[in-house]
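# how would this look folded up:
(2 chains)
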Amino acid sequence: MNWSFVIANAITLACIYGTLAIGISLTWSSLGLINMAYGFIFALSGYGAWLASQHIGPYTPVVMTAGILTGAVGGVFVNALAFIPIHDKPNYQLRGLIATLAISLVGNQVLLWNFGPRAKSLPQLFGAGSVSIFGVVMTADKIGASLSAVVLLTLVLMWMRSSRRGLEIRAMMMNPHAASLVGIGVRQTSFSVMALTGGLAGLASVLLAQTYYVSPFSGITPMVKGLSIALMGGLGSVPGAVIGAVILGINEAFTSTLLGGQYVLITQFLLIILILLIRPRGIAGILDKAREA
Amino acid sequence: MTAQSERREVLRVDGLSAGWGPMRVIHDLDLNVYSGERVGLVGLNGHGKSTLFLAIAGLSGWQRGSILLDGHEVGRTRSQGPGRYTHLVVRRGLALMPQGDEIFHGLTVEEHLDSGAFTPRAWKERGERKKRILKIFPPLAALMKTPVGRLSGGERRMVSLGRGLMADASLFLVDEPSLGLAPKIGKSVIAALMAVELGGSAMVIAEQNVGLLQGRVDRIIGMHAGKLKGEASVASPLSSKGLAA
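Down below sits the predicted model:
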């Protein structure tokens, strides 16, 4: 068995799924919305990146920017359709879940109708070389995917720590009621949250398309994984999502090597059930020392 | 100009009714608050003090009636959607320090105070304002970088009040500042609120404990069953029967 291959895969998957999980986690904790359309945004940005590579040129910055921007636009679209009209109505969380699920179903069919069922592949973004780090052979696409995910996520998190808009989003994540009391508009902020998380989905989509393909339903599995990582990490906790992503990345790489790819979701959910049985609040419950409300 | 003509009407509530679902808590209430004054609102638990404050902020379940804040109409007839317009009311100059503090438990004390200064002018002056808040609540100075979730109840109350005082508000509504605190700490919190320089703004403090406010505020209004009842100023102290529920 090739250990370095397993480790390299684990790292790459952890970075990509972590990006998705943070997006889902942010949406849930700031807007109270479980965004079931996240997989659709993911697939949509894959197609956005593909169109850009076909019509503008297969350059790395062009493809990545196109993917991220399409994701952001998709996020804003979902927000305008599924959050703005119902967020202050009774039963909003359930209705939001159903509304985003509907967007996801309709959207995926539209993609199928428009682009056909054949999978598209994105151009290679990070070249074809490979480097050996401490005996672990990393191919260029894995290094590129991991590094760009880490760098962009770090930038996003730093922005959330230091900027005024970031303070706004964090305040809304912790207490939406109090946020409106200090003059933070839920509707305005929701657009920045959804554009941001949509952009994260776009990034993950472009990066994952380096290993897989872009197809109308390519977003479903990554969304399920992102959602389960977010759950495992404790919804709303960024460090929890990162640790959850690492655990699930390792699990996925090991399972697919030792048992075979078809068992990945089984071991993954067994692991999540185990963790939630021990710590119902997820990994965040272990990390968080602050008292609840 | 005389001091009398400078008495601007900061808040004018006309015929306000508000409640939650089928329950009507506030009944056709009228209330005027003038600039520079500190008003105590006393009444028993469940008689509508908090609902009145929340209705002014647009956070009650439903409401109707006119609310003029600094001459701008912020009252709406609303049957649902609590909080939909709250941020707009807040930007018009309302600072509500709610019951139960409503803190952001993961933000540090400093970030909290920053979050209180969300109107553009307050944001620019926030360094200066933070210094002013630390003068009012000195214990916070050592805790600036601590997440609020780790503070004690009294410290949280200071953070919550400090956040409200950071704002560019013309009306401060303080809901039960002494609730849940040890009597000594409660008294010091009230004393700190009395030390705030109001300038052109006004402050309304809701309390169950009349004794904490008596002799310290400009007038005391009683509230009973969703209506205002009995009023006493410093000049004509309150008779105990005017406020008995």
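
# Tell me the pLDDT of the residue nearest to B:Arg38 when sequence neighbours are not counted.
With C-beta to C-beta, 6 or more residues apart in numbering or on different chains as the criterion, B:Arg38 has its nearest non-adjacent residue at 4.4 Å, and that residue is B:Val217. All C-beta spots, glycine's among them, are computed from the backbone N, C-alpha and C. Turning to B:Val217, the model gives it a pLDDT of 88.

# Same check on B:Glu110?
90.

# what's residue 14 in contact with, if anything?
Picked chain A for this. A:245-246, A:248-250 (C-beta atoms under 8 Å, 6 or more residues apart in numbering or on different chains).

# wrong one, I was asking about chain B
B:30, B:65-68.

# circling back: in contact with the residue nearest to B:Arg38, which residues are there?
Going by C-beta under 8 Å, 6+ apart, the list of residues near B:Val217 reads B:38-40, B:194, B:205, B:234.

# Looking at the residues you listed, which is nearest chain A?
Nearest to chain A, judged by C-beta to the nearest C-beta, of the contacts of B:Val217 is B:Ile205 at 16.8 Å.

# Quick check: beta-bridge partners of the nearest residue to that closest one once chain neighbours are set aside?
Spatially, and ignoring its direct neighbours in sequence, B:Ile205 is nearest to B:Val174 (4.6 Å; C-beta to C-beta, 6+ apart). Beta-bridge pairing of B:Val174 under DSSP bridges involves B:Met97, B:Ile205.

# In contact with B:Val174: list those residues for me.
Taking C-beta under 8 Å, 6+ apart, one finds B:97, B:161, B:164, B:193, B:203-206 in contact with B:Val174.

# Report the central residue of chain B.
What sits nearest the mean C-alpha location of chain B, by C-alpha atoms, centre = their mean, is B:Leu173, with 1.2 Å.

# close enough to count as contact, it and B:Gly93?
No: with contact defined as C-beta atoms under 8 Å, B:Leu173 does not count as touching B:Gly93 (11.4 Å).

# interface residues of chain A facing chain B?
Near chain B, the residues belonging to chain A are A:88-90, A:164, A:167-168, A:170-171, A:174-175, A:177-186, A:289-293 when assessed by C-beta under 8 Å from any C-beta of the partner chain.

# Please pick the buried ones from those.
For those, a burial check counting by 16 or more other C-beta atoms under 10 Å in any protein chain shown picks out A:167-168, A:170-171, A:174-175, A:178-186.

# from these, which is closest to A:Ala284?
A:Met174 (12.7 Å; C-beta to C-beta).

# Now that that closest one has come up, it's in contact with B:Thr108, right?
No: in this structure, A:Met174 is not within contact of B:Thr108 by C-beta under 8 Å, at 11.7 Å.

# give the contact list for B:Arg38.
B:194, B:198, B:202-205, B:216-218.

# among the helices and strands of chain A, which one scores worst on average pLDDT?
Ranked by mean pLDDT, DSSP states H and E, the helix or strand of chain A with the weakest confidence is helix A:283-287, at a mean of 71.

# A:Val62: how many residues sit nearby?
Neighbour count for A:Val62, taken as other C-beta atoms under 10 Å in any protein chain shown: 17.

# so how far is chain B from A:Asn2?
42 Å (C-beta to the nearest C-beta, to the nearest Å).

# what about the residue lying closest to that residue once chain neighbours are set aside, which SS state?
The shortest distance from A:Asn2 to any non-neighbouring residue, by C-beta to C-beta, 6+ apart, is to A:Thr257 (7.9 Å). Using DSSP: H, G, I helix; E, B strand; the rest coil as the criterion, the local structure at A:Thr257 reads helix.

# if we can go back for a sec, closest to A:Leu276 among the contacts of B:Arg38?
Distance to A:Leu276 across these (C-beta to C-beta) is lowest for B:Ile205, with 44.9 Å.

# Quick check: the closest one vs A:Thr100, distance?
Separation of B:Ile205 from A:Thr100 (C-beta to C-beta, to the nearest Å): 44 Å.

# for B:Glu176, same thing?
Counting by C-beta to C-beta - B:Glu176 and A:Thr100 are separated by 39 Å.

# Who has more neighbours out of the two?
Remark: of B:Glu176 and A:Thr100, A:Thr100 carries more neighbours, 26 against 22, as counted by other C-beta under 10 Å.

# list the contacts for the more buried one?
Neighbours of A:Thr100 in contact, by C-beta under 8 Å, 6+ apart: A:33-38, A:78, A:82.

# Out of the contacts of B:Asp14, which end up buried?
Buried, going by 16+ other C-beta under 10 Å: B:65, B:67-68, out of those.

# Out of those, which comes closest to chain A?
Taking C-beta to the nearest C-beta as the measure, chain A lies nearest B:Ile67 of those, at 16.1 Å.

# and the closest one, what does it touch?
B:11-14, B:16, B:55-56, B:73-75 are the contacts of B:Ile67 under C-beta under 8 Å, 6+ apart.

# Up against chain A, what does chain B have?
So far as C-beta under 8 Å from any C-beta goes, chain B lies against chain A at B:57, B:59, B:80-84, B:86-88, B:90-91, B:96, B:98, B:102-107, B:111, B:114-116, B:118-119, B:123, B:147-150, B:163, B:167.

# With neighbour count as added columns, please give the contacts of A:Thr100 in TSV.
Shown next, in TSV, are the contacts of A:Thr100 (neighbours: other C-beta atoms under 10 Å in any protein chain shown):
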residue	neighbour count
A:Leu33	28
A:Ile34	20
A:Asn35	32
A:Met36	22
A:Ala37	31
A:Tyr38	31
A:Val78	27
A:Ala82	26
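
# Can you report phi and psi for B:Val42?
As for B:Val42, its main-chain torsions (degrees, to the nearest 10) stand at phi -120, psi 150.

# show me what contacts it?
With C-beta under 8 Å, 6+ apart, B:Val42 has these contacts: B:206-210, B:213, B:220-223, B:243.

# quick one on the thing from earlier: now which of the contacts of B:Arg38 would you call buried?
B:202-205, B:217.

# correct me, but A:Pro123 touches A:Pro58?
Yes: in terms of C-beta under 8 Å, A:Pro123 counts as a neighbour of A:Pro58; the distance is 3.5 Å.

# more crowded one of those two?
More neighbours surround A:Pro123 than the other of A:Pro123 and A:Pro58, with 16 against 13 (other C-beta under 10 Å).

# Per-residue pLDDT of the more buried one, please?
82.

# so what's it up against?
Contacts of A:Pro123 by C-beta under 8 Å, 6+ apart are A:53, A:58, A:63.

# export these to a markdown table and tack on secondary structure, distance to A:Leu196 and pLDDT?
Below are the contacts of A:Pro123 laid out as a markdown table (DSSP: H, G, I helix; E, B strand; the rest coil; distance: C-beta to C-beta, whole Å; pLDDT from 0 to 100):
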| residue | secondary structure | distance to A:Leu196 | pLDDT |
| --- | --- | --- | --- |
| A:Ser53 | helix | 24 | 91 |
| A:Pro58 | coil | 27 | 84 |
| A:Val63 | helix | 20 | 91 |
